[in-house]
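> for reference, the sequence and a predicted model appear below.
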Amino acid sequence: YKSWLQYDAIKDVKKQDKLAEWCQNIALYDQSLQVKSAKEELVRGLTSIVGIKPQISNSVNHAIVLSTRETLPKEAIHIEAQRLEDLNDEGFIIESDLQTKSVYLVGNSPTGVLYAVFRFLRDIQRDQEIHSFNVIDRPRNQIRMMNQWDNMDGSIERGYAGQSIFYKDNEFRKDLERVKDYARLLASVGINAISINNVNVFEVETHLITKRFLPDVAEVADVFRAYGIKTFLSINYASPIQIGNLATADPLDEQVKAWWKAKAQEIYDFIPDFGGFVVKADSEHRPGPFSYGRDHADGSNMLAEALEPFNGIVIWRCFVYNCLQDWRDRKTDRARAAYDHFKKLDGQFRENVVLQIKNGPMDFQVREPVSPLFGAMEQTNQVLEFQVTQEYTGQQKDLCYLVPLWKEVLDFNTFANGGNASVKSIIDGSLYDNKYSGIAAVSNIGDDENWTGHTLAQANLYGYGRLIWDPELSSEQIADEWIRLTFGEDRQVNDSVYPMLLHSWSIYENYTAPLGIGWMVNPNHHYGPNIDGYEYSVWGTYHFADWQGIGVDRTVKSGTGYAGQYFSPNAKMYESIESCPDELILFFHHVPYTHRLKSGETVIQHIYNTHFKGVEQVEELISTWEKVKGRIDGERYHNVRERLDMQLSNAKEWRDMVNTYFYRKSGITDEKKRTIY
Ligand code: GCU
């Protein structure tokens, strides 16, 4: 339940004595809400880690000093707080002072102080000596957001860890303790924004912006505010009709505009620092401006205008595509959709509209190219959307540590703006100097005791926050941090869990959909194999396998033209079979089973090999996990063991179905003569 905020007692007696000497007191030089949370966390952490309850004092001696730059006391004149000047609002320093035996945690804002405390607690549990802190830190991305896909009946869309911690039976939960603990977890890794309801806004949730629920939303916002997190709501685009008694939701209609303006005023009366709206419009049967012959600039600008007087923003999702495609129609390509809809609107959005773009052009598959929209809209604010919840990556039954995937996305060079333009430089706002930018992700938590169903899936939530705070951190560093904070300082545990996490994405890819083709999952719930599950459906997600070959031709020359949406030289790289990377070959090309990959294997042999290997690797995961038995508590041991057993049967199912399917289609036998049915 505490996940990475375990705060285990330090076992090394010498280290503990020293910490006790330095941490006797907490000196508070700021009384704001977030600094109070910081103090509370520090007391909790030190009591548990060091075994002493620090006193609140007004002297800097033998104290952990919590202060913002402005409120720093005169005695602290020697502290180099001016170093903070170059940092953003949320930056902080941590500096030890040998003379007074104190440590200064100084933020540019109260939330900066809070972040400093979490960093301090994290560091003293690992290798940092108390007397030699010399840290200067700041988040690299501005908006660092969590999207809850929680419904008010308590269910969570694509949730794999129990019910909502926010709602039950179409009401807010009365007890917000769990929400507070979630706020602590999020703040500890630097998350500063949250939308608290599903992007699919149904009947009851449409009323979240009415007097019926706004007092409750305000209470939740109070909890998050104390941890530096702004609250947002997903809204129903048809609200003016459904709750406003208007005949239309047309964004250019004067009455509609006036309705949203009044609505914004009402919301801000309850929550003065409300973040704004998240909007899924004209997407998967949700209402939107298309119904009125308007485009997405018209649609979002109208809402933005209503929020502008209050500094609110509109986060408008780009997940817009035809979800009623005829599978016989070979011209329409879902991958093209976001770019085709939005690129042409560049320059037409108001200053407080931010487009939210999924990392890939399809939908959070185990392997996809990076969305070509990144970098393509020079005059438009963008946030990237990841999915921490593992809809297509094992649903928190199968292990899949996603940080390496996210890192690949952030590091990808789009070649926008004539050269070196990584995705991370676009979404941190630096490339085009955007007013708003950042990252959002769909959460993976629920009311399960361990938050995430699979205990090791906590590493994804932790890793998401850490990575977007600092995209230069490596997947390895993040895994190491998480393991040590979660399971304590035990080499053997670390040596086991670490490789498990780091190999898990590639293992999952091995036994599921090959070479970037995606899907092949059971329709609707999306767990487990079903090769043709979506092949003759309306969703635009096809593999086109026949007896000769497989893959989607997305080239400009002979296919859907999708490859041409990239900047050069990426467009060229994907266009040609020779230069297209193996792992995406079937995303961009339709090739014969006998096509030889750069690895030297044929496509069909690659499919057989990876699927056999994937299952063997899951067996290894199990034997590796057995090494931690007895070294961690039984509850967490059993939870993971149980999940690994489920993963093994899932992997076998995938292996045998995929191999059998392609053997039967192609008639080509496995070179190694292993069992295929
Ligand atoms: C996926 C997912 C849906 C979700 C949608 C979205 O398609 O399966 O449950 O609503 O993405 O991101 O809006």
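Perfect, I can see it now.

> what about the residue positioned nearest the centre of the chain, helix or strand, and which?
Centroid check for the chain by CA atoms, centre = their mean gives residue 441 as the closest residue, at 3.2 Å. According to DSSP states H and E, residue 441 maps onto strand 437-442.

> now the stretch 551-677 of the chain against the ligand: closest residue?
Nearest residue of the stretch 551-677 of the chain to the ligand: residue 587, at 17.6 Å (CB to the nearest ligand atom). In short, each C-beta sits where N, CA and C put it, glycine included.

> which other residues reach the host helix or strand of that residue?
Using DSSP H and E, residue 587 sits in helix 585-588. Applying CB atoms under 8 Å, 6 or more residues apart in numbering, the contact partners of helix 585-588 are 335, 367-369, 514-518, 543, 550-555, 559, 562-563, 574-575, 577, 580, 591, 595, 597, 603.

> which strands and helices lie in contact with whichever helix or strand comes after that helix?
Following helix 585-588 in sequence order, the next helix or strand is strand 591-592 (DSSP H and E). Packing partners of strand 591-592 (3 or more CB pairs under 8 Å, 6 or more residues apart in numbering; DSSP states H and E): strand 549-550.

> could you give the mean pLDDT of the helix or strand following the strand it packs on?
Note on strand 549-550: by DSSP H and E, the next helix or strand toward the C-terminus is helix 570-575. Across helix 570-575, pLDDT averages out at 98.

> so where do the strands sit in the stretch 51-200 of the chain?
55-57, 63-68, 92-97, 102-107, 134-137, 143-147, 167-168, 171-172, 193-195 (DSSP state E, counting those that start in this stretch).

> just checking, what packs against the first one?
Under the contact definition 3+ CB pairs under 8 Å, 6+ apart, strand 55-57 sits against strand 25-28.

> what's the local residue count around residue 298?
16 (other CB atoms under 10 Å).

> that one contacts residue 290, correct?
No - in this structure residue 298 lies outside contact range of residue 290 using CB atoms under 8 Å: 10.0 Å.

> secondary structure element holding residue 451?
Going by DSSP H and E, residue 451 is not part of any helix or strand.

> ok, residue 641 next?
helix 634-666.

> tell me how far that helix lies from the chain's centre.
Relative to the chain's own centre, helix 634-666 is displaced by 25 Å; criterion: CA atoms, centre = their mean, to the nearest Å.

> what residues sit buried inside it?
By 16 or more other CB atoms under 10 Å, the buried positions in helix 634-666 come out as 637, 639-640, 643-644, 647-648, 650-652, 654-659, 661-663, 665-666.

> what confidence value was assigned to the residue of the stretch 551-677 of the chain closest to the ligand?
98.

> and what of residue 524?
97.

> what's around it, how many residues?
Based on other CB under 10 Å, the number of other residues close to residue 524 is 7.

> and for residue 157?
14.

> and what of residue 546?
Neighbours of residue 546 (other CB under 10 Å): 11.

> for it, which non-adjacent residue is closest in space?
Excluding its sequence neighbours, the residue lying closest to residue 546 (CB to CB, 6 or more residues apart in numbering) is residue 665, at 6.9 Å.

> so that neighbour touches residue 543, yeah?
No - under the criterion of CB under 8 Å, residue 665 makes no contact with residue 543, lying 10.6 Å away.

> for the residue of the chain positioned farthest from its centre, what are its contacts?
The C-alpha centroid of the chain is most remote from residue 99, which lies 42.7 Å away (CA atoms, centre = their mean). The contact partners of residue 99, by CB under 8 Å, 6+ apart, come to none.

> gap between whichever residue of the stretch 401-550 of the chain sits closest to the ligand and residue 288?
With CB to the nearest ligand atom as the measure, residue 526 is the residue of the stretch 401-550 of the chain nearest to the ligand, at 6.8 Å. Noted for residue 526: a distance of 24 Å to residue 288, by CB to CB, to the nearest Å.

> show me which of the two is the more surrounded one.
residue 288 (22 against 19).

> got the contact list for the more buried one?
237, 281, 282, 296, 299.

> try it again at 10 Å.
237-238, 249, 251, 279-282, 294-296, 299-300, 316, 320 (CB atoms under 10 Å, 6 or more residues apart in numbering).

> same question, residue 186
144-146, 192-194, 224, 227-229, 443, 445, 461, 464-465.

> spatially, what comes nearest to the residue in the stretch 351-500 of the chain that the ligand sits nearest to if we skip its sequence neighbours?
For the stretch 351-500 of the chain, the residue closest to the ligand is residue 363, as judged by CB to the nearest ligand atom, at 5.0 Å. Excluding the flanking residues, the one nearest residue 363 by CB to CB, 6+ apart is residue 392, at 7.2 Å.

> what does residue 336 give?
residue 562 (5.0 Å).

> close enough to count as contact, the one you found and residue 369?
Yes - counting by CB atoms under 10 Å, residue 562 sits close enough to residue 369 to count as a contact (9.0 Å).

> buried subset of the contacts of residue 186?
144-146, 192-194, 224, 227-229, 443, 445, 461, 464-465.

> just the buried residues out of the contacts of helix 585-588, in PyMOL syntax.
Buried residues among the contacts of helix 585-588 (16+ other CB under 10 Å), as a PyMOL selection:
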select buried, resi 335+367+368+369+514+515+516+517+518+543+550+551+552+553+554+555+559+562+563+574+575+580+591+595+597+603
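
> the ligand next: which of the contacts of helix 585-588 are close?
Applying CB under 6 Å from any ligand atom, the subset of the contacts of helix 585-588 adjacent to the ligand is empty.

> what is the neighbour count of residue 673?
Neighbours of residue 673 using other CB under 10 Å come to 7.

> please renumber so the chain begins at 42
Fine by me, first position is 42 from now on; the one you just mentioned is residue 714.

> hang on, it in a strand?
No - counting by DSSP: H, G, I helix; E, B strand; the rest coil, residue 714 is not part of a strand but coil.

> residues contacting it?
Applying CB under 10 Å, 6+ apart, no residues qualify as near residue 714.

> distance of it from residue 648?
Residue 714 is 15 Å from residue 648, by CB to CB.

> and if you look at residue 593?
The value you get for residue 593 to residue 648, if CB to CB is used, is 16 Å.

> wait, isn't residue 45 in contact with residue 230?
Yes - under the criterion of CB under 10 Å, residue 45 makes contact with residue 230 at 8.3 Å.

> touching both of the two, which residues are there?
163, 502, 503, 506, 507, 522, 523.

> could you point out which element follows the host helix or strand of the fourth one?
In this case it means residue 506. Assigned by DSSP H and E, residue 506 falls within helix 499-510. Toward the C-terminus, helix 499-510 is succeeded by helix 516-528 as the next helix or strand (DSSP H and E).

> any idea of the mean pLDDT for that following helix?
Rounded mean pLDDT across helix 516-528 is 97.

> now that helix against helix 675-707, angle please.
140 degrees (axes from the mean of the first three to the mean of the last three CA atoms, to 10 degrees).

> got the CA coordinates for helix 516-528 in CSV?
This file holds the C-alpha atoms of helix 516-528, laid out as CSV (Å, rounded to 0.1, in the frame of the first residue of the first chain):
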residue,chain,number,x,y,z
SER,A,516,15.4,3.3,-17.4
GLU,A,517,18.0,1.5,-15.4
GLN,A,518,18.4,4.3,-12.9
ILE,A,519,14.7,4.6,-12.4
ALA,A,520,14.3,0.8,-12.0
ASP,A,521,17.1,0.8,-9.4
GLU,A,522,15.5,3.6,-7.5
TRP,A,523,12.1,2.1,-7.4
ILE,A,524,13.3,-1.3,-6.3
ARG,A,525,15.4,0.1,-3.5
LEU,A,526,12.7,2.4,-2.2
THR,A,527,10.0,-0.3,-2.5
PHE,A,528,11.8,-3.4,-1.3
